[in-house]
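> Here is a sequence together with a model predicted from it:
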2 protein chains.
Amino acid sequence: MTTLNRPDTPDAHICGIDTVMEVIGGKWKVLILWALETQPRRRFGELRRLVPGITEKVLASHLREMEADGIVRRVAYDEVPPRVEYSLTEDGARLNDALEPLAVWGRGRPAGRRAPSPPPTV
Amino acid sequence: MTTLNRPDTPDAHICGIDTVMEVIGGKWKVLILWALETQPRRRFGELRRLVPGITEKVLASHLREMEADGIVRRVAYDEVPPRVEYSLTEDGARLNDALEPLAVWGRGRPAGRRAPSPPPTV
DNA sequence: CCGTATCCTATAAGATACTG
DNA sequence: CAGTATCTTATAGGATACGG
């Protein structure tokens, strides 16, 4: 992990931030997070529909990582046909809350950025 | 961009979040952000030292993207030897603030996660 | 000092097919 | 239904060298 230890950089700050980035770094993880927030429990197929574009393989692997990270709980019922339900853990719910200010920031911008911007040489 | 439009998913929420993820998605961007927060202006070489492990190429490209995204301002002084100063824009500063709750969440966990967790089949 | 220019590789993720 | 198993590809990022 990238752990800094310099007088200039607020380490605790940083330390926290990059562990978070590892946890939500997957391409679809925040989307899965929100999908899990809108209802207490979600089934695999539901999630696939709620996150359009994701493949089964990636959904499955993301879910396994999120489970390992303790933000998602997976309960498999031994029935036929099989039923599996995913839900947020307490930690996952708090993570979701912590994402809110970021979402607000994102909404507050002119949609399409990444302009070349004039080269200001002084 | 992954823009959802389903009754179940809080689109505005999501929309905001994934634009943010595009902006801070680079491997070192949040670190650069913090390094820029701790002082009003930073030179290229300073940043390289403050973000140990990053290569010049990646630092340069990250900075250019962040500039294009409007969160970093670059000012090049026409001197010799060259001097270039990077700083946060207002938008960048607000982004940094919005990252704080996430950092708090990250700090509040038992450091090394990603445990295999016992398979709970009901 | 502040970067580019090349070249290279590892990994995430997509496509597709198949199974308990 | 809820996944695995393969295979392939794109891209981010790393290593290194050089330039204004």
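Arrived safely. Please read all numbers here as calculations on a predicted model, not as lab measurements. Numbers count the residues shown, from 1 in each chain, chains lettered A, B, ... in the order given.
> Now do the worst-scoring helix or strand of chain A on mean pLDDT: which elements does it pack against?
Least confident helix or strand of chain A, by mean pLDDT, DSSP states H and E, is helix A:11-24 with a mean of 79. Secondary-structure packing of helix A:11-24 (3 or more CB pairs under 8 Å, 6 or more residues apart in numbering or on different chains; DSSP states H and E): helix A:29-37, helix A:90-107, helix B:29-37, helix B:90-107. Quick note: C-beta positions are derived from backbone N, CA and C, even for glycine.
> Distance of residue A:43 relative to DNA strand C?
13 Å (CB to the nearest atom of the strand, to the nearest Å).
> beta partners for that residue?
For residue A:43, the beta-bridge partners are residue A:85 (DSSP bridges).
> you'd agree it is up against residue A:85?
Yes. In this structure residue A:43 lies within contact range of residue A:85 using CB atoms under 8 Å: 5.9 Å.
> quick one: low-confidence parts of chain A?
Across chain A, the ranges flagged by pLDDT under 70 are A:1-14, A:111-122.
> Enumerate the residues of it near DNA strand D.
With CB under 7 Å from any atom of the strand as the criterion, chain A comes near DNA strand D at residues A:43-46, A:56-57, A:60, A:63-64, A:74, A:76, A:81-84.
> before we move on, back to that, so residue A:43 and residue A:85 - more neighbours on which side?
When neighbours are counted by other CB atoms under 10 Å in any protein chain shown, residue A:85 comes out ahead of the other of residue A:43 and residue A:85, with 16 against 13.
> show me what contacts the more buried one?
Contacts for residue A:85 (CB atoms under 8 Å, 6 or more residues apart in numbering or on different chains) come out as A:41-43, A:74-75, A:77.
> does whichever residue of chain A sits closest to DNA strand C sit in a helix or strand, and which one?
Using CB to the nearest atom of the strand, residue A:27 is the residue of chain A that sits closest to DNA strand C, at 3.0 Å. Remark: residue A:27 resides in no helix or strand, with elements defined by DSSP states H and E.
> Got phi/psi on it?
phi -60, psi -30 (degrees, to the nearest 10).
> Can you give me every residue that contacts the residue most central in space within chain A?
With distances taken as CA atoms, centre = their mean, chain A has residue A:30 as the residue nearest its mean C-alpha position (2.9 Å). For residue A:30, the contacting residues are A:24, A:99, B:14, B:17-18, B:21, by CB under 8 Å, 6+ apart.
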